[in-house]
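J.: Fold the following for me, if possible:
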Amino acid sequence: MMSPFFDKTFTVKRLTQSGDKSSYQSVSVDGACMLRQAGAHLTQINGLQYGELWEMYAAAGVDVRTTDRVTVDGVDYTVKGVRSDTLGGADYTHILLVKKTL
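T.: Here you go, the predicted model:
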């Protein structure tokens, strides 16, 4: 189990539609995760500048989808990709995040 490495918590918000208005609503709060800046190669092949792409690792089966918004330590990110994976027999979810800029 990778949970001893999960040293941060995150919130997931998903775009919802109500009539002709859309807004982001929380779908998950206080999930445990590990967050790290993506390497230069991964950032480059995703067409981003170094410092914009981040990798988040969370429990297997976490409800996160591409285009969701994730907040970690008060910083907002947009989900670029989600993949389930296994390392040393431990299942986890690997999430690519783009740091939102003002």
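J.: Residue 54 pairs with what?
T.: residue 37, residue 97 (DSSP bridges).
J.: Report the contact partners of it.
T.: Each residue near residue 54 by CB atoms under 8 Å, 6 or more residues apart in numbering is listed here: 35-38, 77, 96-99. Quick note: C-beta positions are derived from backbone N, CA and C, even for glycine.
J.: Show the model's pLDDT score for it.
T.: At residue 54, the model reports a pLDDT of 97.
J.: quick one: it and residue 14, what's the gap?
T.: According to CB to CB, to the nearest Å, residue 54 stands 19 Å off from residue 14.
J.: Just the helices from this structure, written as ranges.
T.: Counting by DSSP state H, the chain has helices at residues 40-45.
J.: which intervals of it have sub-threshold pLDDT?
T.: Scanning the chain for pLDDT under 70 picks out 1-2, 101-102.
J.: which residue ranges form the strands in it?
T.: With DSSP state E, the ranges of strands along the chain come out as 8-18, 21-37, 53-59, 69-72, 75-87, 90-99.
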